[in-house]
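Colleague: need a structure here:
(2 chains)
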Amino acid sequence: MSVPLIYTAAGIFLFLLGTYGLVAYAHLLRKILAANIMGSGVFMAFIAVAGRTPGAPDPVPHAMVLTGIVVTVAFTSVALALAVRIARTSSRVHLSGRDEEQ
Amino acid sequence: MTPGPLLLFDLLLPAVLLWLAWRSLTSSDLFRAVILFIAFNLLLALAWVRLEAPDVALAEAAIGAGVTGTLLLAALTRIESAAGRRLSRPARWRPAALVLTGTALLAAAAGLLWSLRLLPTMPGGLGPLVDRHLAESGVDHPVTAVLLNFRGYDTLLEVAVLLLAVIAIWCLDEAVPFLQQPLESPLLTGFNRMMLPILLLSAGYLLWLGSHAPGGAFQAASLLAAGLLLALFSGASLPAQWSGLPLRLLLVLGFLAFLAAAIIGPLTGRALLHYPPAWVKPLILLVEWLLTLSIALILTATVIGGRPTGSRPYPPPASPAAEGRQR
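Modeller: The predicted model follows:
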């Protein structure tokens, strides 16, 4: 079992864990955490797949993941601002149509 | 990367990462979930080091763990003060749905792993191509060369996305202070006195390092943003006359400088983002310095979360009853 394979598998499982969290929880903050974990999984699989070939690592996937991390922060900050706004307007932290959580 | 003495580590680290992600998603206390998420991101930085991606590791530790963690904690405080503190548990699943979903997810995992294994390998990927043209890029570090020169449009649009995020946040609400009053403690003052210059120095160092080693504008900017936030939490504030046009100009300065540098190409008969060879190094450095300043302010603005009201960042001293509700 090679190292990139281990991390590729870990990335895939992180992505699927995030998918589960996104679907199973109604709380918006949890959904944002889950989406972040999904993104981390994608980045990990991407870098690990790029690292399969021997020799010096390819800088292009690294630069793309770096860009991806910054875009993730932008998405997270807007999503959190929306969640805060929803909480302040409606005293709820989930979208309408879902049962009130415990 | 072949299995070596580090194989045990390479088996343990992904296992711990998956466990942290799972705990962060399932613990019913959201504060604990956020702390576990920050720990997850810090260990993720370690995984990037193992995957020989030190630039990504630096960005992950500074932006993924630091900035995202601060954003989450700030948002959690605001959400709980607006909607009350509540536990978050998963929706109740029927056993059949649980089995079906679990099977589907496992099948998806197997399919993804299988198809990723089938991808053709390309020795070195684009690495040799980048190495061949590194001398023309104006910097000596391949990742920085890709970010600011070869694939400069990625970075240009990424800064645009950050600006759009600030615009969206400012449209949503006015800044709501999440501290009722500045934290006042001699410890914090002493810490700031020592830490702020160190943060400033480290940010400048990381920025300079980016031209020939792992580091660069985004990592430096998040250190700078950390310093700005520390100062804000301890009661510093932007003078009212600065929070209007000057602040907005500083926020877009990096993007505008990058755009101006990009347009030099078409004006001189080259492609967009094709810098004139004689100017490439000073141009990239100038763009990076201005980007760092703007991105630091953008990241700080996203944590403050709302357009500046032009007044003090903290409301007038609250009544004792209101203070009792603070966490």
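
Colleague: which pLDDT value goes with residue 28?
Modeller: With no chain named, the answer covers chain A. On pLDDT, residue A:28 comes in at 93.

Colleague: sorry, should have said chain B
Modeller: Per-residue pLDDT puts residue B:28 at 87.

Colleague: in a strand, it, correct?
Modeller: No. Counting by DSSP: H, G, I helix; E, B strand; the rest coil, residue B:28 falls outside a strand, being coil.

Colleague: for it, which non-adjacent residue is spatially closest?
Modeller: Sequence neighbours aside, residue B:87 is the residue nearest to residue B:28 in space, at 4.3 Å (criterion: CB to CB, 6 or more residues apart in numbering or on different chains). The C-beta positions use only the backbone N, C-alpha and C, and glycine is treated the same way.

Colleague: also residue B:280?
Modeller: Nearest residue to residue B:280, sequence neighbours excluded (CB to CB, 6+ apart): residue B:138, at 3.4 Å.

Colleague: what residues are up against residue B:122?
Modeller: Counting by CB atoms under 8 Å, 6 or more residues apart in numbering or on different chains, residue B:122 makes contact with residue A:53.

Colleague: backbone dihedrals for it, please?
Modeller: Per-residue torsions, residue B:122: phi -130, psi 110 (degrees, to the nearest 10).

Colleague: how about the helices in the stretch 201-327 of chain B?
Modeller: B:217-233, B:245-267, B:280-304, B:320-324 (DSSP state H, counting those that start in this stretch).

Colleague: now render these as a markdown table, adding mean neighbour count and mean pLDDT.
Modeller: Below are those laid out as a markdown table (neighbours: other CB atoms under 10 Å in any protein chain shown; pLDDT from 0 to 100):
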| stretch | mean neighbour count | mean pLDDT |
| --- | --- | --- |
| helix B:217-233 | 24 | 90 |
| helix B:245-267 | 16 | 92 |
| helix B:280-304 | 22 | 92 |
| helix B:320-324 | 9 | 45 |
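
Colleague: for the longest helix along chain A, give the mean pLDDT please.
Modeller: When chain A is parsed with DSSP state H, its longest helix is helix A:59-90. For helix A:59-90, mean pLDDT is 93.

Colleague: what's that helix packed up against?
Modeller: Helices and strands touching helix A:59-90, by 3 or more CB pairs under 8 Å, 6 or more residues apart in numbering or on different chains; DSSP states H and E, are helix A:28-50, helix B:54-59, helix B:68-83, helix B:127-133, helix B:142-145, helix B:152-172, helix B:280-304.

Colleague: roughly how far does the residue most central in space within chain A sit from residue B:50?
Modeller: The residue lying closest to the centre of chain A (CA atoms, centre = their mean) is residue A:36, at 2.4 Å. From residue A:36 over to residue B:50 the distance is 21 Å, taken as CB to CB, to the nearest Å.

Colleague: also residue B:303?
Modeller: Residue B:303 sits 30 Å away from residue B:50, going by CB to CB.

Colleague: rewinding a little: thought the residue nearest to residue B:280 was touching residue B:150?
Modeller: No. If you go by CB atoms under 8 Å, residue B:138 and residue B:150 don't touch, sitting 10.9 Å apart.

Colleague: verify the contact between the residue nearest to the centre of chain A and residue A:21 for me.
Modeller: No. Residue A:36 is not in contact with residue A:21 according to CB under 8 Å; the separation is 9.7 Å.

Colleague: ok, now which ones touch residue A:20?
Modeller: By CB under 8 Å, 6+ apart, the contact set of residue A:20 is A:34, B:25, B:101, B:105.

Colleague: give me that answer again for 7 Å
Modeller: By CB atoms under 7 Å, 6 or more residues apart in numbering or on different chains, residue A:20 lies in contact with residue B:105.

Colleague: wait, the residue nearest to residue B:28 touches residue B:26, no?
Modeller: No. Judged on CB atoms under 7 Å, residue B:87 makes no contact with residue B:26 at a distance of 11.7 Å.

Colleague: between these two, which one's more packed in?
Modeller: Higher neighbour count among residue B:87 and residue B:26: residue B:26, with 18 against 11, using other CB atoms under 10 Å in any protein chain shown.

Colleague: quick check: closest non-adjacent residue to the more buried one.
Modeller: Counting by CB to CB, 6+ apart, residue B:26 lies nearest to residue B:90, which is 7.4 Å off, once chain neighbours are set aside.

Colleague: which of the three states applies to the one you found?
Modeller: Of the three states, residue B:90 takes coil under three-state DSSP.

Colleague: test my guess that it contacts residue A:24.
Modeller: Yes. The criterion here is CB under 7 Å, and residue B:90 meets it with residue A:24 at 4.1 Å.

Colleague: let's have the helices of the stretch 201-327 of chain B in JSON lines, adding distance to residue B:128.
Modeller: Below are the helices of the stretch 201-327 of chain B laid out as JSON lines (distance: least, CB to CB, whole Å):
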{"stretch": "helix B:217-233", "distance to residue B:128": "26"}
{"stretch": "helix B:245-267", "distance to residue B:128": "25"}
{"stretch": "helix B:280-304", "distance to residue B:128": "21"}
{"stretch": "helix B:320-324", "distance to residue B:128": "63"}
